[in-house]
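A.B. asks: sequence first, then the predicted structure:
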Amino acid sequence: MSNTSLLQLSLLEALPDLAVLLQRDGMVLAVAGGQELGNLKLTGEWVGKNCDTFWPAPVAEVVKRLTQGAIGFRKSTQARFQHLGQNFEALVYPQGPNRALCMLRALATVEAGDGLDSTDIRSPPYLDRRGFSRRFKESIALATLCEKPAALVVIQLEGSSDIARAFDSSTADLVMRAAMLRLSSDALGAANAGFAWYLGQLSDDLIGLVVESAERGLIRTWVSALCLRLREPVSVGDAVFHLTPHVGVAILGQDATSPKVMLEHARAAATEARQSGSGKLSFFTDTVKLRTLARFDVARELREAIDNHEIRLRYTGRYDLASGRLVAWVGYLSWIHPIRGEVRPEEFLRVAETTGLAVALSRAALSYLKEDFAALAPQWGSDTRISFGALRHHITQPIFKEDIEQFLADGAVPANRLELRIAEKAFIARDSAVSDLQGLGVQWVVDEVGRGLGSLDALARAPIAGLQLDRAWARAVRTDEVALKVCRAGIAVATALGLTSIATGVDNERQRRILLEMGCGFGMGDLYRHELPDIMRPYLASASK
């Protein structure tokens, strides 16, 4: 080896900071420097081994987590931590699709609350579930003892579970990490707001933030800014994902006095924010508490109603807009409670989705469809279809294909007379569900077109027969210029792809003419209410659904 090479090596070894070239899984590829790193310093004998074989588990975990984040999102990451009373900083830079350069350096000081001790994980960019739970309990106990303000912010990221079902859990985890890193990078914003904070992961789609403040205005302003960051598209490889945050807040002393109750109340407020659909932050209040208790009652009664066959399908007719010919009976779930009366679908469907009853409810609806078709088909035309909209959680499960195959094998409804509806949101999450049933002879219609943003590529490739416009746009087509444009665009997409366009909420003749002129082929609504046969009266839903 030349004198120059020896000099370069000696200079590298003399560097105070430690440079480590790591693979995604934590394997060491090369090391240099580290004279001031103490027992964290590495030598060449560790090349080819995983970093968790020589570093303490908390240190190795932070470095590996930063490395995976830097590689996955192709941007540098950093964190501060403590080990054996010494303060350190890790900076990781991506070096390709499967490795990154990690720089470790010793620090003279570290900001309060930024520490990672070898026995207590408290590191940016965020805490894992166990670490967050432990620190959250400590924070609330200390705040109570010292009479300091504290609040828990729970952010529910809608879309994470859909990504896990449509792709895999590792992809959903990468997207979740991106969201966490975005929040952790906004620490300066919190400092400007005047309070300290930290964050961690509560579950696959829940983020928790603890803030040392009870000022609702400050919390609302700061969290609203964070949510703008969370709504930005997340790129993983060549794919782009979108998350929708729903935020709930519980304040120590005002809403709860224990960590457990604070978490329950913040989650309840987040659920309230999601169900309101406004996109605004929700603080826990007595009203939220009462609504939460009411939903627990609905969940219990819904389970009983499913078991007792008290939930049925109600139908509305779909007609050819040009000739007025009946082409299909479209079924919607209906629950007539013996005491409450008619329970709105949006109320019990949300409860079903959040309590794990959605699949049971959707499978029960299939059995109702079989019974109704047997009773009513003799009164229909031989080409009139029956339409069923399975719930999203059912469609995204592997058992959905088996259920439909068994349903057709039972022979209650001929395949050529069965139409399956899939909401646009569910279609985006798992368009393969449509392809899974190709060849069975059933007809698919993508529903609620215009409510979300579908993939033209997926629509063009999927074996579907029609697109059904979201009724909010179809009903406003007479008076709202934006609705007119949305409907025209939806119908144009259907026409371009060779699909049937369907409108819901066709309530008068003027609406029918406008939609027909735009090229819409079929519709349903109050305009056709008088044409419903008497035999259907017990089975009728609102025609404007």
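C.D. replies: Thanks, I have the structure now. Numbers count the residues shown, from 1 in each chain.

A.B. asks: now do the contacts for the residue lying closest to G525 once chain neighbours are set aside.
C.D. replies: Using CB to CB, 6 or more residues apart in numbering and skipping residues adjacent in sequence, the residue nearest G525 is V506, 3.6 Å away. No exception for glycine: its C-beta is placed from N, CA and C like everyone else's. Applying CB atoms under 8 Å, 6 or more residues apart in numbering to V506 gives the contacts L321, A474, R512, L515, G523, M524, G525, D526, L527, Y528.

A.B. asks: now with 7 Å?
C.D. replies: By CB atoms under 7 Å, 6 or more residues apart in numbering, V506 lies in contact with A474, R512, L515, G523, M524, G525, L527.

A.B. asks: nearest to K280 among those?
C.D. replies: Taking CB to CB as the measure, K280 lies nearest A474 of these, at 27.2 Å.

A.B. asks: touching, the closest one and T504? I think so.
C.D. replies: Yes: using CB atoms under 7 Å, A474 is in contact with T504, at 5.7 Å.

A.B. asks: those two - which one has more neighbours?
C.D. replies: Using other CB atoms under 10 Å as the criterion, A474 and T504 rank with A474 on top: 30 against 24.

A.B. asks: where does the residue nearest to G525 land in three-state SS?
C.D. replies: coil (DSSP: H, G, I helix; E, B strand; the rest coil).

A.B. asks: S235 and C227, how far apart?
C.D. replies: Remark: distance between S235 and C227 (CB to CB, to the nearest Å) = 19 Å.

A.B. asks: with E61 instead?
C.D. replies: 28 Å.

A.B. asks: ok now stretch 215-230, how far from the chain's centre?
C.D. replies: 20 Å (CA atoms, centre = their mean, to the nearest Å).

A.B. asks: so which of S235 and C227 has more stuff around it?
C.D. replies: C227 (19 against 14).

A.B. asks: got the phi and psi for the more buried one?
C.D. replies: Per-residue torsions, C227: phi -70, psi -30 (degrees, to the nearest 10).

A.B. asks: kindly report the same for S282.
C.D. replies: With angles defined as degrees, to the nearest 10, S282 sits at phi -120, psi 120.

A.B. asks: so how far is stretch 138-158 from its chain's centroid?
C.D. replies: 25 Å.

A.B. asks: contacts for that stretch, please.
C.D. replies: 179, 202, 205-214, 219, 223, 230, 243-252, 257, 259, 262-263, 266-267, 270, 274.

A.B. asks: and that stretch, how far apart are its ends?
C.D. replies: Distance across stretch 138-158, first residue to last, is 29 Å (CA to CA, to the nearest Å).

A.B. asks: what's the average pLDDT for it?
C.D. replies: When pLDDT is averaged over stretch 138-158, the result is 86.

A.B. asks: quick one: buried residues of it?
C.D. replies: Across stretch 138-158, burial judged by 16 or more other CB atoms under 10 Å covers S139, I140, A143, A150, A151, L152, V153, V154, I155, Q156, L157.

A.B. asks: can you list the domains in the chain?
C.D. replies: If you go by automatic domain parsing, the domain ranges for the chain are 3-107, 129-284, 309-539.

A.B. asks: which ones are touching the residue nearest the centre of the chain?
C.D. replies: Computing the C-alpha centroid of the chain and ranking residues by CA atoms, centre = their mean puts G159 first, at 1.8 Å. Applying CB under 7 Å, 6+ apart to G159 gives the contacts F241, H242, L243, T244.

A.B. asks: quickly list what the last one is bridged to.
C.D. replies: If I follow you right, that is T244. When bridges are called by DSSP bridges, T244 pairs up with E158.

A.B. asks: and it, how many neighbours?
C.D. replies: Other residues close to T244 by other CB under 10 Å number 14.

A.B. asks: and if you look at the second one?
C.D. replies: If you count neighbours by other CB under 10 Å, H242 ends up with 16.

A.B. asks: give the contact list for it.
C.D. replies: G159, P233.

A.B. asks: check the gap between it and M180 for me.
C.D. replies: Distance from H242 to M180, by CB to CB: 16 Å.

A.B. asks: which strand is the longest one in the chain?
C.D. replies: strand 326-337 (DSSP state E).

A.B. asks: strands of the stretch 251-400 of the chain, start to end?
C.D. replies: Secondary structure of the stretch 251-400 of the chain (DSSP state E, counting those that start in this stretch): strands at 282-283, 311-320, 326-337, 341-343, 385-389.

A.B. asks: tell me the mean pLDDT for the fourth one?
C.D. replies: For strand 341-343, mean pLDDT is 81.

A.B. asks: ok, now the first one?
C.D. replies: This predicted structure assigns strand 282-283 an average pLDDT of 89.

A.B. asks: distance from the chain centre to it, please.
C.D. replies: 20 Å.

A.B. asks: by contact count, what packs against it?
C.D. replies: strand 244-251, helix 259-276 (3 or more CB pairs under 7 Å, 6 or more residues apart in numbering; DSSP states H and E).
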